[in-house]
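*Asks:* just the structure for this:
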Amino acid sequence: MKVLMVITGLGMGGAEHVVTNLADELVTLGHTVKIAYLTGDVIVSPKSHDIELISIGMNSPKDFVKAYFKLRSVVNEFKPDVIHSHMFHSNIISRLLRLTISVPKIVSSSHNTHEGGRLRMLAYRSTYKLADISTNVSQEAVDTLVEKGAVKSGRMISVVNGIDINQFYFDKDARKNKRIELDIVNQKVVLAVGRLNHQKDYQNLLNSIFLLKKQRYDFKFLIAGDGPLKEELMLLLNKLEIAEFVEFLGIRRDIPALMSASDLFVLSSAWEGFGLVVAEAMACECVVVATDCGGVREVVGSEGFLVEPNNNILLAQALNKALDLSDDERSSIGAAARTRIINHYSLSANVDAYLKLYA
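*Replies:* Numbers count the residues shown, from 1 in each chain. Sure thing, here's the model as predicted:
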């Protein structure tokens with residue numbers, strides 16, 4: 001089978017990792033895969049050298065027509081059996097291909113509960129019939145987009161993300177080496193991973209650290225990621241006088257090792273579709289403290305701490321409680337968390353679900 005993945009960009013993010021992991025698995029199974037990305041530089045890429053990455057060159061809305069015809073040219077040349085599009089802009093442009101060329105099958109995947117405002121929902125609603133099926137990464141995300149009118153009930157289904165448990169696992173040696181590298185001695189380490197943007201709500205996290213600091217000093221927060229709010233967050237960090245408790249690591253390519261080095265993982269998001277990094281942290285046996293948004297509750301189950309979004313008081317309380325866990329308690333919760341990911345969110349199950357849609 002020939003599959004063309006179309007994604008808005010290949011920057012650092014959960015959806016980008018999902019797409020590249022899916023592409024790698026499909027190639028391993030004998031399928032031919034190409035990835036077309038609309039804009040930006042390639043930061044996340046597949047492992048397989050057999051997967052061609054094609055830049056469509058849509059750097060602004062004025063490039064839409066040019067990008068449309070370039071993508072159409074890619075489709076005409078590759079002749080895929082399936083176009084699998086991911087994220088808003090790619091979903092729309094891929095659907096519109098059917099107005100001018102024949103495409104055997106289009107699977108249109110969203111990756112969030114929040115895909116934009118009214119105009120985007122109108123664009124989705126006006127084009128959803130051009131896709132054979134639409135998917136989202138949790139039932140909560142599906143229900144939210146149906147409620148917003150992006151798609152009619154029954155035309156979008158949940159396909160949960162899959163985790164590569166052979167990449168994400170607890171590594172005792174990595175924990176030791178990474179803590180030495182980061183000069184961690186006796187502190188308890190709390191890790192956060194994600195773009196520095198409004199969705200991840202790091203303002204909420206920094207304010208919770210300010211409250212936590214009033215109760216204890218035995219912790220260090222590591223934040224891996226970059227984004228448009230970095231300068232604003234650094235100003236808030238200094239204003240709250242918590243710089244000694246927080247280190248911004250920038251973009252990292254050693255996330256599994258960082259998770260092994262950490263005692264807790266925190267997600268402070270205002271909204272999510274699935275919460276891929278939460279599942280990855282659980283696979284690494286991290287105790288998770290997360291905001292109850294999107295599909296995060298579905299992922300965490302009873303194997304972690306959930307608090308309502310946008311509430312730094314409750315987040316600080318949950319972090320304090322999690323930091324109070326004994327080593328045995330933390331190990332027990334971490335082991336149960338990994339078992340949950342293996343049982344419910346394996347990469348192979350994710351690939352199988354999409355292959356059924358491709359058929």
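
*Asks:* in the chain, which spans are helices?
*Replies:* Secondary structure of the chain (DSSP state H): helices located at 14-28, 64-78, 88-96, 118-127, 139-147, 172-181, 202-213, 230-239, 255-261, 276-283, 296-300, 312-323, 327-344, 347-358.

*Asks:* name the nearest residue to residue 280, ignoring sequence neighbours.
*Replies:* Counting by Cβ to Cβ, 6 or more residues apart in numbering, residue 168 is the residue found nearest to residue 280 once chain neighbours are left out, at 4.7 Å. Any C-beta I mention is one placed from the backbone N, CA and C, and that applies to glycine too.

*Asks:* swap that for residue 64, please
*Replies:* Among residues not flanking residue 64 along the chain, residue 58 sits closest, at 6.5 Å (Cβ to Cβ, 6+ apart).

*Asks:* equivalent analysis for residue 7, please.
*Replies:* For residue 7, ignoring the flanking residues on the chain, the nearest one in space by Cβ to Cβ, 6+ apart is residue 86 at 4.4 Å.

*Asks:* ok, that neighbour - contacts?
*Replies:* For residue 86, the contacting residues are 5, 6, 7, 8, 15, 18, 19, 109, 111, by Cβ atoms under 8 Å, 6 or more residues apart in numbering.

*Asks:* let's have these in a markdown table, adding neighbour count, pLDDT and distance to residue 214.
*Replies:* Written out in a markdown table, the entries for the contacts of residue 86 read as follows (neighbours: other Cβ atoms under 10 Å; pLDDT from 0 to 100; distance: Cβ to Cβ, whole Å):
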| residue | neighbour count | pLDDT | distance to residue 214 |
| --- | --- | --- | --- |
| 5 | 28 | 98 | 48 |
| 6 | 30 | 98 | 49 |
| 7 | 30 | 98 | 43 |
| 8 | 23 | 96 | 41 |
| 15 | 25 | 91 | 37 |
| 18 | 23 | 93 | 39 |
| 19 | 27 | 96 | 42 |
| 109 | 28 | 97 | 43 |
| 111 | 27 | 93 | 37 |
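
*Asks:* what is the nearest of the residues you listed to residue 197?
*Replies:* Checking the contacts of residue 86 against residue 197 by Cβ to Cβ gives residue 15 as the nearest, at 13.5 Å.

*Asks:* shouldn't residue 188 be in contact with residue 245?
*Replies:* No: taking contacts as Cβ atoms under 8 Å, residue 188 lies outside contact range of residue 245: 11.0 Å.

*Asks:* list the residues that contact both of these two?
*Replies:* Common contacts of residue 188 and residue 245 (Cβ under 8 Å, 6+ apart): 219, 220.

*Asks:* distance of residue 147 relative to residue 308?
*Replies:* According to Cβ to Cβ, to the nearest Å, residue 147 and residue 308 sit 19 Å apart.

*Asks:* got the contact list for residue 20?
*Replies:* Neighbouring residues of residue 20 by Cβ under 8 Å, 6+ apart: 10, 35, 44, 45, 46, 47.

*Asks:* and which of the contacts of residue 86 is nearest to residue 341?
*Replies:* Among these, residue 18 lies closest to residue 341 (Cβ to Cβ), at 14.5 Å.
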